[in-house]
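In: After the sequence you'll find the predicted model.
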Amino acid sequence: MSAHPPRLAERLLAWWLPPSDAEFVLGDLAEQFEGDLERGRTVAAIRYWKEAAAAAWQVRRPPPSLPRSRSPRGDPPVFALLNDLLTAARTLRRAPGFTAASALIAAAGLGAATAIFSVVNPILLRPLPYAAPENLVMVWERERDGSNSRMGYASVVDLATQSRTLESGAALGYWQPTIAGGTGDAERLTGQRVSWRYFDLLGVTPATGRSFVAAEDAFGLPRVVILAHGLWQRRYGGDATIVGRTVTIDGGPMEVVGVLPADFDDVFEPGTQIYRILGYDVSQSFACRTCRHLRMVARIRSDVTHDAAFAELNTLSRRIVAEHPTEYPAAGINLVQVQREVTRQVRPALLSVLVAALFLLLIAGANVANLSLARAARRREEFAVRRALGAGRGQFARQLLSEGLLLALAGGAAGVAIAWAAVRALVAQLPADIPRLAAVRLDLGALGVAALATLGLGVLVGLAPLATAGGRNPFPSLGAGARLVGPRRHAGRSGIVVAEVALALMLLVGTGLLARSLLTLLSVNPGFDPDHLLTLEIQSTGPRYDTDAAVWDYHDRVREAVTAVPGVEVAEVTTQLPLGGNFDGNGIRAQDRPLDNPALAPGGQRYAVSAGYLRAMRIAVIEGRDFTHADAADSAPRVAIVSASLARRVWGGEPALGRQIQMGGGDAPWRTVVGVAADVRHTGLDATELNGFYVPERHWSFANTSVTLVVRTTMDPAALAPGVVRAVRSIDPAQPVMRLRTGAEVIATSTAQRRLALMLFAAFGTVATLLSAAGVHGVLAGAVAERRREIGIRAALGATPGAIVRMVLRHGLGPAVAGLALGLAGALLLTRYLRAMLFGIAPTDPVTLTATVTLLAGVALTACLVPAWRAIQVDPVTALRAE
Amino acid sequence: MLLAVLRCGDDASGIPVRDEIRRRAGRALTLGTVYKTLMRLEAKGHLSTTVSDPEPRRGGRRRKLYRLTAHGRRALQRTLATLNRMTRDLPVPLGAR
């Protein structure tokens, strides 16, 4: 084997070693490398690097006697720097307490900032992993209030075919199929129905097989699917022959035509496991213009600006609406860049947490700088001696800089370790529907930012003693300055304390606002009683359930079986659960309130339920009556219960009972309103849209194959879960049971993002408070120690302990008060950016502001007490004699 | 270290010395440590160096060969004699408490 030793190591060493030794050392290393090659190239290379490093360390290491700031023989500057670093390492080793404290504080700041940046970068900052992602847009119909609305298939087709500014467009539909076969039980998947162009539009090619083709995208054709990489690996063991085979989905056959690459990440529906061709036709009833259940994604032509596309699509929209005036609430199209659109929900939280982490980093930097200033003050004598021996200002600067850099490096290394652990924890905590979550890791970008921050911190910490000295020489000669007293000397450190307290206050105000928002939110009545409630989704797919009646019968049998479980009071079925994350909006028309444009009818959430649902959920019936079992009979008259908000919206203050309403298309039956139920929060505890209606599930035009079972229990619902699942399985073991949650968990999930943001703010705020307290304490303790003699004289001249305490506190609390004032101003300026995450309180909530200012002032005062106590302990005789 | 150089005879360059120490004393040193010590001993005058002729087998590489000076030999003798005197007739056998 004739391999060459690692060339980089060789060159570095050749450059590093004195020329007189280089040849022989390199020769020996090369010889050893050749001997090591028998044990493998990698082993030999590792050994070579190790030996080269050892040789470099040993052969040029300065003698471990006096610190040496200038290396002999006029070495290149890099050399001098390395020497400085070695000297700095020895100096720091002599001050282990200072070194450990500084490195830990730096690590906390750098770790937090790096971790949060690692999360924010792929989600908000890095371009989406598609071809030319800047040209990808979401196309929405514009509601009358300017908000976005999904589209009916006919509208998507019109826009995609008539537009000259769009290269192509595709429709996306919600799809939750149940898959059987392969390995494992039947399971419910997250899927999407997409136009054939979808993958071409994103610039994604399947890794195996092919994409959808135009001919497949029509109604009534055999159904084809494309698998995501994860599902293919998990369920089919990565078997490449899956392409062309038929799999059983929703009880029927579908052909797999392709498998997506492993790195494909769907931001429109994160975690999508399977794609089915849309297969719509404008002649179908569900493809109508008012059937607004599709999203549209489009690619703008690369030679067309976003504004031009926006203008053209709006012109088109006006024309289409003019042709179909009764099928649109308003004319107009909203165009949103895909990245902005898919991160709209998480953007405020992520950005504010990123800013919070940056604040923490600044506080950490300030704290380390503060420690380093205090240490510089203690080293005055060392500097003075060295100055007397001929050291210049530049040399001190270089040495301090080296020490700062070394500290920051240690902190940075520990910070990266913290960030690594924190990123993993964060990914586990973040809601799974955040796009690009899979790309969140401690990557090169984050490490680069960490390295930059470390460098900046090092320079800041190293040069702080120089910078705060201003024009004065920070390294006075021997004898001078030793008796200098008074606050002037501490101007630099006090300034840092002001900044620390200000930043800490801003973080605490943010924490306080988020905490109060969450408390306010959790005190909102969801409209149902989450205690002693167990919820789970049940399925009914396959040939056994090909009629609606079979599905409904299955629901009844499951309800009976679950109700028989000891500890279960009642089990009922609903097509969707409040706060459960589903949406099923329907337009509601009232017979006595005809509209010129039916598209302007108010919408509301549809709950098709079994008769006892409202009782099981403890949703109050305010007027009229609840459903009875008689209502569910085929021959029974069609009835509905509406939410209080919906009743107000349609009939104002007039009674709703007895009115006729129609939901779900013009040929749907008219239903009599028999009751008005209390509002429930559906989309979130902060929901403002509270319209909803309930109908007996057997009276809806189709059966939902996926419904939620709500189980009211007399004991701990979590303990009952296994028994309930067994009962469901006893009816049909082939049907998957999903999303088993207690009522408390449903509420918790709906507030997960707020809780995570609050948790991070609270963590950062706590650390910031402790650090600023340490800063206040440190400055004051240093000042008291240095003013021992002055205090002694004052005491000897008759100053009372009270007067001394007041003097010390004035000194310590001055910067704290200035910091509080500055922080308050900053908070008033910045908290408005938190508005999107607040609920029920203003960004300038006086209670929060007062409470946080009081808290931080209390902490600062406490931090001053120990130095103040020490000041009155000063014995005048001892203090004076010590001189 | 001086003994190792002595043992290596005419072949006392970095690797042989390192290997000799590993073999005899069971201590695995890095080459860097060996160089460092050899250089110090040279600076103290215990060792002298010569540069070997280029080896024929590999691109004409030369070695730095170390050899004990008279001064080094005397220092070694003194140390060994001292060690000898100190260990002879120990009243308490080594290893006893």
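Out: Looks like it came in fine. On a predicted model such as this, the values are computed, not experimentally measured, just so you know. Numbers count the residues shown, from 1 in each chain, chains lettered A, B, ... in the order given.
In: give me every residue that touches the spatially closest residue to A:Gly230 that is not a sequence neighbour.
Out: Closest residue to A:Gly230 apart from its sequence neighbours, by C-beta to C-beta, 6 or more residues apart in numbering or on different chains: A:Gln273 at 6.5 Å. Quick note: C-beta positions are derived from backbone N, CA and C, even for glycine. Shown in contact with A:Gln273 (C-beta atoms under 8 Å, 6 or more residues apart in numbering or on different chains): A:189-191, A:227-228, A:230-231.
In: out of those, which one sits closest to A:Ala112?
Out: Minimum distance to A:Ala112 across these is 31.0 Å, recorded for A:Gly230 (C-beta to C-beta).
In: average pLDDT for the helix or strand where the closest one lies?
Out: According to DSSP states H and E, A:Gly230 maps onto helix A:229-236. Summarised as a single mean, pLDDT over helix A:229-236 is 90.
In: List phi and psi for the residue nearest to A:Gly230.
Out: phi -110, psi -20 (degrees, to the nearest 10).
In: Tally up the residues packed near B:Asp89, please.
Out: B:Asp89 has 5 neighbouring residues, counting by other C-beta atoms under 10 Å in any protein chain shown.
In: ok, back up a step: could you pick out the buried ones from the contacts of A:Gln273?
Out: Buried subset of the contacts of A:Gln273 (neighbour count, 16 or more other C-beta atoms under 10 Å in any protein chain shown): A:189-191, A:227-228, A:231.
In: Pull the most distant pair out of those residues.
Out: Longest span within these, C-beta to C-beta: A:Thr190 and A:Leu227, 12.3 Å.
In: buried sites along stretch A:609-618?
Out: A:609-614, A:616-617.
In: tell me which residues of the longest helix belonging to chain B are tucked away?
Out: Longest helix in chain B, counting residues (DSSP state H): helix B:70-87. Across helix B:70-87, burial judged by 16+ other C-beta under 10 Å covers B:72, B:75-76.
In: Measure how buried A:Ala752 is and give me the count.
Out: Neighbours around A:Ala752, by other C-beta under 10 Å: 13.
In: Can you tell me the SS state at the nearest residue to it once chain neighbours are set aside?
Out: Excluding the flanking residues, the one nearest A:Ala752 by C-beta to C-beta, 6+ apart is A:Pro431, at 5.4 Å. Per DSSP: H, G, I helix; E, B strand; the rest coil, the local secondary structure of A:Pro431 is coil.
In: Then A:Val497?
Out: Under three-state DSSP, A:Val497 comes out as helix.
In: got the contact list for it?
Out: A:Val497 touches A:370, A:772, A:775-776, A:779, A:815-816, A:819, counting by C-beta under 8 Å, 6+ apart.
In: Name the spans of the chain whose pLDDT lies under the cut-off.
Out: Here I'm looking at chain A. A:1-2, A:60-78, A:182-184, A:467-491, A:665-666, A:882-883 (pLDDT under 70).
In: Chain B, not that one
Out: Checking chain B against pLDDT under 70 turns up B:55-60, B:92-97.
In: which parts of it sit against chain A?
Out: B:13-15, B:30-33, B:35-36, B:39, B:61-64 (C-beta under 8 Å from any C-beta of the partner chain).
In: Dihedrals phi and psi, the residue nearest to A:Ala752?
Out: Per degrees, to the nearest 10, the backbone of A:Pro431 is at phi -60, psi 140.
In: Any figure for the gap between A:Met332 and A:Arg340?
Out: Actually, residue A:332 is Gly. It isn't Met. 18 Å (C-beta to C-beta, to the nearest Å).
In: Looking at the two now, which is surrounded by more residues?
Out: A:Gly332 (18 against 12).
In: Next one: the more buried one relative to chain B, how far apart?
Out: 75 Å (C-beta to the nearest C-beta, to the nearest Å).
In: The nearest residue to that residue once chain neighbours are set aside: neighbouring residues, count only.
Out: Spatial nearest neighbour of A:Gly332, excluding adjacent residues (C-beta to C-beta, 6+ apart): A:Arg142 at 3.5 Å. Neighbour count for A:Arg142, taken as other C-beta under 10 Å: 18.
In: What of A:Ala108?
Out: 25.
In: Does it touch A:Val767 like I think?
Out: Yes: under the contact definition of C-beta atoms under 8 Å, A:Ala108 touches A:Val767, with a separation of 5.8 Å.
In: Mind listing the shared neighbours of the two?
Out: Common neighbours of A:Ala108 and A:Val767 (C-beta under 8 Å, 6+ apart) are A:Leu360.
In: before we move on, back to that, export the helix holding A:Gly230 as CSV, just CAs?
Out: Extracted in CSV, the C-alpha atoms of helix A:229-236 (Å, rounded to 0.1, in the frame of the first residue of the first chain):
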residue,chain,number,x,y,z
HIS,A,229,-40.9,7.6,1.7
GLY,A,230,-41.7,7.0,5.4
LEU,A,231,-44.9,5.0,4.8
TRP,A,232,-43.1,3.0,2.1
GLN,A,233,-40.3,2.1,4.5
ARG,A,234,-42.5,1.4,7.5
ARG,A,235,-45.3,-0.5,6.0
TYR,A,236,-43.7,-2.1,2.9
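In: roughly how far is that helix from the heart of the chain?
Out: 27 Å (C-alpha atoms, centre = their mean, to the nearest Å).
In: what's in contact with the next helix-or-strand element following that helix?
Out: Using DSSP H and E, the next helix or strand after helix A:229-236 towards the C-terminus is strand A:246-249. Strand A:246-249 has contacts (C-beta under 8 Å, 6+ apart) with A:177-182, A:223, A:225, A:253-256, A:274, A:276.
In: Pairing partners for strand A:246-249, with directions?
Out: Here strand A:246-249 has these sheet partners by DSSP bridges: strand A:178-180 (antiparallel), strand A:252-259 (antiparallel).
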